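**Q** Here is a sequence with its predicted model. Questions after.
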Amino acid sequence: MPIDDITLLIEDEMDTAVKYLRSEFAGIRTGRASSGLVDHLKVEYYGSPTDLRQLASIATPEANLIVIKPFDPTGIKDIEKAIKASDLGINPMMDGKVIRLSVPPLSIERRQQLIGQLKKMAEACRVTIRNARRDGNKAADKEQKASEMTEDECKNCKELIQDLIKKYEAMINEALAAKTVEIQET
């Protein structure tokens, strides 16, 4: 496997991990209403878990209000049950054919808990990209042992992988810092 293929494969794994982290960060409550809080909630709909965004339109008409309007009005009870079962800490209010979620401001203690949760998620993402680095280095060593790659090419490949890990760790740190600032704002 050539150097380009190894680095491309590793970069793809790292990119996927960072994208996943960002989508998880979008679901963390900040005290401001955001459709990202409920987008990926799983709703037990006719026996299969389905993302809320596939079942309803989600809007944020005010800074502290999320309005969920199901495409199928019969699924409103299932959506309400999923919201109550989630760890959002928001009580849904049914209003006929729509659900309203009033997002209360966060307490200082809750903000600290959320920041701790963010840090754990960021560290899990770092572990994932380090595992990708390990796999890439193993692949380079394997290619060198099979005489399909020279020692210099193997060293260059490992350096490229290390540069990738630095790039993606910087992305993780940026995402963590941005979300931390967002949570600390009132």
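**A** Received it, and whenever you're ready, just let me know what you need. This structure is a prediction, so every number in the text was calculated from the model and none was measured.
**Q** Run through the residues that contact the residue most central in space within the chain.
**A** Ranked by distance to the mean C-alpha position of the chain (CA atoms, centre = their mean), the top residue is E24 at 2.4 Å. If you count contacts by CB atoms under 8 Å, 6 or more residues apart in numbering, E24 has them with M121. Quick note: C-beta positions are derived from backbone N, CA and C, even for glycine.
**Q** Next up, identify which helix or strand it is on.
**A** Taking DSSP states H and E as the definition, E24 sits inside helix 3-26.
**Q** Next: R100.
**A** R100 is part of strand 98-102, with elements assigned from DSSP H and E.
**Q** what's the spacing between the following helix or strand past that strand and its chain's center?
**A** Using DSSP H and E, the helix or strand that follows strand 98-102 towards the C-terminus is helix 108-145. With CA atoms, centre = their mean, to the nearest Å as the basis, helix 108-145 stands 13 Å off its chain's centre.
**Q** between helix 108-145 and helix 3-26, how big is the angle?
**A** Here helix 108-145 points in a direction 170 degrees away from that of helix 3-26 (axes from the mean of the first three to the mean of the last three CA atoms, to 10 degrees).
**Q** looking only at pLDDT, what's the mean for helix 108-145?
**A** On average, the pLDDT along helix 108-145 is 90.
**Q** The helix or strand just after it to helix 108-145, inter-axis angle?
**A** Scanning the chain past helix 108-145 towards its C-terminal end, the next helix or strand to appear is helix 151-184 (assignment: DSSP H and E). Inter-element angle recorded for helix 151-184 and helix 108-145: 170 degrees (by the same axes, to 10 degrees).
**Q** List the buried residues of helix 151-184.
**A** For helix 151-184, a neighbour-count test (16 or more other CB atoms under 10 Å) marks 154, 157-158, 160-161, 164-165, 168-169, 171-172, 175-176, 179-180, 182-183 as buried.
**Q** And stretch 39-50, by the same measure?
**A** Neighbour-count burial for stretch 39-50 flags 41, 43, 45, 50 (criterion: 16+ other CB under 10 Å).
**Q** Domain boundaries for the protein, per the record?
**A** Per automatic domain parsing, the structural domains of the chain span 3-26+107-184, 35-102.
**Q** I'm done for today, thanks for sticking with me.
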